[in-house]
Structures are given as C-alpha cells and as structure tokens.
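S.K.: Need a 3D model of the following:
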Amino acid sequence: MQNDVASDGVRSSESVNGSRDVWSCKDSDSLSADHLVIMVHGILGSSSDWKFGAEQFVKRLPDKVFVHCSEKNVSKLTLDGVDVMGERLAKEVLDVIQEKPNLRKISFVAHSVGGLVARYAIGRLYRPPKEEVKEDTSGNECKEEPRGTIGGLEAMNFLTVAAPHLGSRGNKQVPFLFGVTAFEKAASCVIHWIFRRTGRHLFLTDDDEGKPPLLKRMLEDYDEFYFMSALRLFKRRVLYANVGYDHIVGWRTSSIRRESELPKWEESQNEKYPHIVYEEHCKACDTDQDETISVEDDGSSDKLEEELVRGLSRVSWEKVDVSFHSSRLRFAAHSVIQVKDEVMHIEGADVIQHMIDHFLT
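M.R.: Okay, here's the model as predicted:
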C-alpha cells in the first residue's frame, strides 16, 4: 500500500487492488474519527471517481470521518449484476470495519448504479436489534429501545447521487433514448448484450428461477436479506438528482417520483449552492393510504414502476434537485454532479459541499 500526503492536511492511501482510503494527516484527528463513510462508484467506474468528494469530506470533517472508496466492483465487474456487486461491497465493508475497531458509525455516498449496489449491500449487512437492559440513576432496570446496526455500526446517512432507483426501462428514464417508446422497448430487449446481468436488473427483465425482478424484491425484507429494515435504519436518506441533461439516469428514477410529482424549479439564487434548484423533505407514506393513486396513463409509468415508487416511499427521503443547465459541460451532468474529474467537472463542487454541510456526524 502506497501513502500519499495531499494538500490541506488530507492523507490518502491506494491499495494494489485500487481501493482508496482518505483520512486526516493530523494524528489526533485520525484517532478520533469514528465515522466510516463508504463511497461507491457507478457503472464501469473506479474508486478514483470519488477522489475529489472523499478529500473534501475529510478536509471539512477531519476529526469525524474516515472515507473508504470502494474498489471491489471496478470497471467491467460492474456488469456482473446488482446482487453480485452488492455481495462484494458488503464483504469489503466488513473487512474495513474489522481493520478499524474504533469505528462506531457508518454512512454511504453512492453514485449511479452504485446506489442500487449500496442498497443491496446494507440489506446483507443489517444486524437485528438486541434488547439492552441498563440501570437508571435510581437503581431500577430500564429497557432501551433496541436498534439494529449496519455491520455492527450505527447507521447515519444514506446518500445516492443520480441513482436509478426505479430502474431504467420507464419512459424517459434513460434520456439518451429521447423518450421514444420504440427505442425504449428495443433497449430493454438488447441491453444485456452491452451491460450483461446489470442491464437486466436495470431494465427489470431478470427472472432468476422464476423470482420477481431484483429491484422489486429489494422493496421488502426478502429471505435472509433485510433491504427495507436496513434502509429504514438510517437517520437520513437523501436523493441527489439531475433535473436535466443527465443522459444516463432520468430525473424521475433518481428522485423516486411520478411524472406528475416532478416540481417546477427556478434558477438558484443561492451563491453557496448555485446548482441546487429545489429541495424537498418527503415523509414516509403508508401504502394503504396511497391506494387511490393510479398508474399514470400518459405512457410515462407502468405498473411495476408504480410498485417501486410506492415501496420506496414507505421511508422518508430528502430530495435535492440539481441543475447544470447553464454549465458549459451540462451534457456531462451525470459526471459533473459527482465531480468525477476534479478539473473537468469542478462545477459540481457545490453539490459535494451541500452533502458535507448537511451530513450527520
């Protein structure tokens, strides 16, 4: 493992396998940092995709966080399927936790399909609550409300950035297909030729041993997986979504909304976050109370997508809508929102700053 000291007091190390750990150069800060932040890249990506974001987190929160940029699903390994990648990520997280016994908290920051991989991984990492009995000051025993954990750590923030939570098969969910129904139907038939098993999962065409599509299974605690219990465990769940010019992941799927729920937005007047154009706090919605909502008849939604919206809406979400409409690199919005390249995509730095400023430590 080779260590490099970056500027502004941030130290990073990169393993031969490509993983990247980032922490404070100051010993007192690094020793007190008990919050593990797992950063997950998207399809055909690598740990370096989050290099800028990881360094910014440590720079701003030096005595709080230790950042690990995942490397178990780099490049073509991202084509193996959401479940296979999720299993790898879960094992990788447990390995990091084992190496750093001082860790107490955990958060995830995931880009693109990495958001689905992270959701799968936490379902594997979930540990059911154990009832604890403690004595109060009067000597009486009192039972504390038990809470589960993620790999033995307290779940804090779960952030996804331009992630296709509703899959990619719906109308305009993959914008570069121009919303043309014929193109979208053709893509669902051939996508596995390009993106293999991951493509099947994204277009909800997988049929493993007669089971429902994986994204539908991830709406429940399924077999030995606790997908929704794990997601519900986090104190914050946040969706960062591009309102336009993201030609890979559409606004609706990355913000878990129906077409009719997409808000009207205006150019930001906030100098600190010039690309944040809309913020919304959505409370958990009881699906029984939501039965009156029908599938939209404008061709933008289907029955399975509606199930995904309803299932994921059973937990609360913070939704942060981002626009790079005035950016010279607006057509690269899918990468700019993450600052995948520190030089080319630096206009997205305010989005990273927004994540840090609202991060629970």
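S.K.: hey, let's count contacts and neighbours off CA atoms from now on
M.R.: Noted.
S.K.: Endpoint to endpoint, stretch 217-228 covers what distance?
M.R.: Stretch 217-228 has its terminal residues 10 Å apart, counting by Cα to Cα, to the nearest Å.
S.K.: Next: stretch 205-225.
M.R.: So stretch 205-225: terminal residues 21 Å apart, Cα to Cα.
S.K.: What of stretch 217-236?
M.R.: First-to-last residue span, stretch 217-236, Cα to Cα: 22 Å.
S.K.: again, but for stretch 234-254
M.R.: Termini of stretch 234-254 sit 19 Å apart (Cα to Cα).
S.K.: Could you do stretch 216-233 as well?
M.R.: End-to-end distance (Cα to Cα), stretch 216-233: 20 Å.
S.K.: and it, what's its mean pLDDT?
M.R.: Average pLDDT, stretch 216-233: 96.
S.K.: And stretch 281-293, by the same measure?
M.R.: 71.
S.K.: ok, which stretches of this structure are helices?
M.R.: 27-32, 51-60, 82-99, 114-125, 181-202, 214-217, 227-233, 251-255, 303-312, 333-336, 349-357 (DSSP state H).
S.K.: Which stretch among those approaches residue 67 most closely?
M.R.: Among these, the nearest to residue 67 by Cα to Cα is helix 51-60 (6.2 Å).
S.K.: tell me the mean pLDDT for the closest one?
M.R.: Mean predicted confidence for helix 51-60 is 97.
S.K.: Show me what that helix packs onto, helices and strands only.
M.R.: Packed against helix 51-60, as judged by 3 or more Cα pairs under 8 Å, 6 or more residues apart in numbering; DSSP states H and E, are the following elements: strand 10-14, strand 20-24, strand 65-69, helix 349-357.
S.K.: Kindly reformat these as TSV containing mean pLDDT and mean neighbour count.
M.R.: As requested, those are exported to TSV (pLDDT from 0 to 100; neighbours: other Cα atoms under 10 Å):
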stretch	mean pLDDT	mean neighbour count
strand 10-14	88	19
strand 20-24	92	26
strand 65-69	97	26
helix 349-357	98	18
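S.K.: Out of those, which is closest to residue 34?
M.R.: strand 65-69 (6.3 Å).
S.K.: Format the helices and strands packed on helix 51-60 as CSV; extra columns: distance to residue 155.
M.R.: Converted to CSV, those look like this (distance: least, Cα to Cα, whole Å):
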stretch, distance to residue 155
strand 10-14, 24
strand 20-24, 20
strand 65-69, 14
helix 349-357, 16
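S.K.: Of all the helices of the chain, which one is nearest residue 342?
M.R.: So among the helices of the chain, helix 51-60 is nearest, using Cα to Cα, at 6.0 Å.
S.K.: Quick check, central residue of the chain?
M.R.: By Cα atoms, centre = their mean, the mean C-alpha position of the chain lies nearest to residue 160, the distance being 2.7 Å.
S.K.: That one contacts residue 253, doesn't it?
M.R.: No: with contacts counted by Cα atoms under 8 Å, residue 160 stays clear of residue 253, the gap being 11.6 Å.
S.K.: Identify the contacts common to the two.
M.R.: When Cα atoms under 8 Å, 6 or more residues apart in numbering defines a contact, no residue borders residue 160 and residue 253 alike.
S.K.: still on that earlier bit, out of the helices of the chain, which is closest to residue 40?
M.R.: helix 114-125 (5.3 Å).
S.K.: and the closest one, what does it pack onto?
M.R.: strand 35-40, helix 82-99, strand 105-111, strand 154-161, strand 225-226, helix 227-233.
S.K.: and for the first one, what are the contacting residues?
M.R.: If I follow you right, that is strand 35-40. 47, 50, 54, 64-70, 93, 103-111, 114-115, 118, 361.
S.K.: now that strand against strand 65-69, angle please.
M.R.: 20 degrees (axes from the mean of the first three to the mean of the last three Cα atoms, to 10 degrees).
S.K.: I'd like to know which helix or strand in the protein has the lowest mean pLDDT.
M.R.: strand 2-5 (a mean of 56; mean pLDDT, DSSP states H and E).
S.K.: How about the residue nearest to the centre of the chain: which residues does it bridge to?
M.R.: residue 110, residue 239 (DSSP bridges).
S.K.: and it, what pLDDT?
M.R.: pLDDT, residue 160: 98.
S.K.: Please apply the same query to residue 137.
M.R.: Listed pLDDT for residue 137 reads 59.
S.K.: now do residue 75
M.R.: 86.
S.K.: returning to what we had before: mind checking the helices and strands packed on helix 114-125 for the one nearest to residue 320?
M.R.: Nearest of those (Cα to Cα): strand 154-161, 9.5 Å.
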